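> Can you look at this prediction? I've put the sequence above it.
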Number of protein chains: 2
Amino acid sequence: MDERSLIRSLVPVLGAAATADDCATIQHGGEWLVLSTDMLHETTDFPAGMTDREIGWMAAAVTISDIAAMGARPVALLLATGLDRPERLAGITAGALECCRAYGCDLAGGDTDAHTELTIVSTGLGTALRPVRRSGAGIGDLICVTGYLGGAQAALSGYDQFWERLIAPEPRVAAGLALNAGGATAMMDVSDGLAMSLHDMLGVNDCGFTVETVRLPIPDGVPAEEGRDFALFGGGDFELLFTVPPERFPVAGVEATAIGRVVAEHGVWADGASLPARGYVHTWTK
Amino acid sequence: MDERSLIRSLVPVLGAAATADDCATIQHGGEWLVLSTDMLHETTDFPAGMTDREIGWMAAAVTISDIAAMGARPVALLLATGLDRPERLAGITAGALECCRAYGCDLAGGDTDAHTELTIVSTGLGTALRPVRRSGAGIGDLICVTGYLGGAQAALSGYDQFWERLIAPEPRVAAGLALNAGGATAMMDVSDGLAMSLHDMLGVNDCGFTVETVRLPIPDGVPAEEGRDFALFGGGDFELLFTVPPERFPVAGVEATAIGRVVAEHGVWADGASLPARGYVHTWTK
């Protein structure tokens, strides 16, 4: 069973809203609070060779990215750390603090415990006047991505010049806020790859998504075909995937590329062919 | 190294405020948001024999208790679950949902992952006009506890009639809100035992705490000496420990017992003798 099937199995228990976005959203006062939690394990989530400081940065960054993907401003982060060795806490905390500070977020607290394998759960709180959800795409909207895609997968495939991209992801907080203000209709981060992300959007929108692979912004110095494969199916990038009416694109202050269109027919296509929901997937093998 | 020493080691990195209370507090709009995260592992935190539903309830309850202990109202809970077997998620989620509903809290989302040992991190958000902190005790205040103490430890020691108390803790949300409104000056839950909790309060207050063990509300049917030992040094209870000016006690709607006084001298005493900081402590044995 994979993670998405498992989460879908909770829809009858929790309702669709609790499982639709990377963040939970809570209307509060005149605005919305967004909350996200991410569980990371040493052997499955952190590439070998990372320092504790880099691990702490990454744990904070993945959660801040979820908040950024709602077009929200990160406010506070909590870190629960299951430590195989207590002396690792200082480096992990320092890295998380560095990342929080870089994005104007308060590392406000946490919990620690002993564990056989390093386990980190980062939980973030953000605020937005109106969060941008994965749902909300309109027929005729452009499909766009910030920055470029496939860099993390390139690093995992031996292109060492992308190592920093893999281990020190930079959540697109400023871009998320600008896209929220600039009229993005649906948004999420592409941390499990573009194809998976488009299928995630498909699951909560009545329309469809068609992209042209020649338009994909791929890593410099990687052959085009391989780069497109990394972009479509590689995980570990933290760029934003969003839809926006064409008349509102480009959005001031956001470096982004239009890669396709939202269409009426329900499905995901690349260059006219059906695009499989393949990418980074957590699975239970037993 | 134990958990408290480890957390103290973070004070130079994070500042004392980030480590002083069970919840992080964030001023927001005209009120405060409180955030708490708790990491639980199957072998160390859940007594053997619990069902998945009971495990889910307990994971939610410990976090809701942290929010209650700030005199705050629980609003939303996220559950990150590292599963040894994916089929456990449904029962755990159902139990957490039941607990959330019992306390007016929304189970708003979460994350799942595979893990060799069941690991649950519950993170809760609450709101309060003014949170009650562990600091704030005033000289001359009464030291009080809600309900009775030592029930969970009694269950662990073979008094089976307290098993429900151990595995299905009931966070004191209504009492916490009433005590906040009723003038409690400092508050926390006693989940690591009364002695540890008084020492936790000592760490963030300039005054001292003296209690009389004859006043401790102990479990019915347990011999007095053993009951007092459970109350002082046993973990797993989720009652509230609070200080309040004598003229404001009792607080309407709260069943509580005055067990001692806040004094000027810095220290913790029981029946006039220094009380050791002994109780439930997470340790790293290697």
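Nice, I can see it. Quick caveat: nothing in here was measured; it's all calculated off a predicted structure.
> So A:T63 sits against A:T37, correct?
Yes: assessed by Cβ atoms under 8 Å, A:T63 is found in contact with A:T37 at 7.2 Å. For glycine as for every other residue, the C-beta is placed from the backbone atoms N, C-alpha and C.
> residues bridging contact with those two, i.e. touching both?
Residues touching both A:T63 and A:T37 by Cβ atoms under 8 Å, 6 or more residues apart in numbering or on different chains: A:122-124.
> Select only the buried ones of the residues you listed in PyMOL?
The PyMOL command for the buried members of the shared contacts of A:T63 and A:T37 (criterion: 16 or more other Cβ atoms under 10 Å in any protein chain shown) is given here:
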select buried, chain A and resi 122+123+124
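> hang on, the earlier thing: more neighbours: which of A:T63 and A:T37?
Higher neighbour count among A:T63 and A:T37: A:T63, with 32 against 28, using other Cβ atoms under 10 Å in any protein chain shown.
> and the more buried one, what does it touch?
A:36-38, A:77, A:122-124.
> How much space separates it from B:I167?
A:T63 sits at a distance of 31 Å from B:I167 (criterion: Cβ to Cβ, to the nearest Å).
> Name the nearest residue to the most centrally placed residue in chain A, sequence neighbours excluded.
By Cα atoms, centre = their mean, chain A has its centre lying nearest to A:D189, at 3.1 Å. Closest residue to A:D189 apart from its sequence neighbours, by Cβ to Cβ, 6 or more residues apart in numbering or on different chains: A:A69 at 4.3 Å.
> looking at it, that neighbour is touching A:V34, isn't it?
No: the pair A:A69 and A:V34 does not pass the contact test of Cβ under 8 Å, sitting 9.4 Å apart.
> which residues do those two both contact?
By Cβ under 8 Å, 6+ apart, A:A69 and A:V34 have these common neighbours: A:C23.
> How is chain A divided into domains?
Per automatic domain parsing, the structural domains of chain A span A:22-128, A:142-274.
> Figure out which of those domains is closest to B:T25.
domain A:22-128 (7.9 Å; Cβ to Cβ).
> what's the first-to-last distance across that closest one?
Domain A:22-128 has an end-to-end distance of 15 Å (Cα to Cα, to the nearest Å).
> And stretch A:75-85, what's buried?
Under the neighbour-count criterion of 16+ other Cβ under 10 Å, stretch A:75-85 has A:75-83 buried.
> Could you export those residues as CSV, including secondary structure?
Compiled in CSV, these are given as follows (DSSP: H, G, I helix; E, B strand; the rest coil):
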residue, secondary structure
A:V75, strand
A:A76, strand
A:L77, strand
A:L78, strand
A:L79, strand
A:A80, strand
A:T81, strand
A:G82, strand
A:L83, strand
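> got TSV for these, with distance to chain B too?
Shown next, in TSV, are the buried residues of stretch A:75-85 (distance: Cβ to the nearest Cβ, whole Å):
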residue	distance to chain B
A:V75	6
A:A76	5
A:L77	9
A:L78	4
A:L79	8
A:A80	4
A:T81	7
A:G82	6
A:L83	7
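> picking that back up, show me what contacts the residue nearest to A:D189?
A:A69 makes contacts with A:22-23, A:132, A:172, A:176, A:187-189, A:240, as judged by Cβ under 8 Å, 6+ apart.
> cool, and A:M201?
Counting by Cβ under 8 Å, 6+ apart, A:M201 makes contact with A:134-135, A:137, A:186, A:188, A:209, A:241, A:243.
> helix or strand for the residue nearest to A:G253 when sequence neighbours are not counted, which one?
Once flanking residues are discounted, A:G253 sits nearest to A:A178: 4.8 Å by Cβ to Cβ, 6+ apart. Here A:A178, judged by DSSP states H and E, is contained in helix A:173-181.
> Look at A:A16 and report its pLDDT.
Listed pLDDT for A:A16 reads 64.
> rewinding a little: wait, which of the contacts of A:M201 is closest to A:L156?
For the contacts of A:M201, the minimum distance to A:L156 (Cβ to Cβ) is 20.1 Å, reached by A:L241.
> what secondary structure does that closest one sit in?
Classification of A:L241 using three-state DSSP returns strand.
> what's near enough to touch it?
A:143-145, A:187-190, A:194, A:197-198, A:201.
> Isn't A:L240 up against A:A175?
Yes: contact criterion Cβ under 8 Å: A:L240 and A:A175 qualify, at 5.9 Å.
> Give me the more crowded residue out of those two.
A:L240 (28 against 25).
> ok, now which ones touch the more buried one?
Contacts of A:L240 by Cβ under 8 Å, 6+ apart are A:68-69, A:145-146, A:172, A:175-176, A:179, A:187-190, A:256.
> Look up how far chain B lies from it.
A:L240 sits 20 Å away from chain B, taking Cβ to the nearest Cβ, to the nearest Å as the criterion.
> swap in A:A24?
A:A24 sits 3 Å away from chain B when distances are taken as Cβ to the nearest Cβ.
> Per-residue pLDDT of that residue, please?
If you check A:A24, the pLDDT there is 92.
> and it, what are its phi and psi?
Note on A:A24: its backbone torsions stand at phi -80, psi 150 [degrees, to the nearest 10].
> before we move on, the earlier item: make sure the residue nearest to the centre of chain A is actually in contact with A:S36.
No: look at A:D189 against A:S36 with Cβ under 8 Å: they stay out of range, at 10.5 Å.
> Give me the common contacts of those two.
Joint contacts of A:D189 and A:S36 (Cβ under 8 Å, 6+ apart) are A:22, A:66.
> before we move on, back to that, ok, which of the shared contacts of A:T63 and A:T37 also contact chain B?
Applying Cβ under 8 Å from any Cβ of the partner chain, the subset of the shared contacts of A:T63 and A:T37 adjacent to chain B comprises A:T123.
> So which of the shared contacts of A:T63 and A:T37 belong to helices?
Among these, no member falls in helices (criterion: DSSP state H).
> could I get the shared contacts of A:T63 and A:T37 as CSV with distance to A:T43?
CSV is the format used below for the shared contacts of A:T63 and A:T37 (distance: Cβ to Cβ, whole Å):
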residue, distance to A:T43
A:S122, 18
A:T123, 22
A:G124, 24
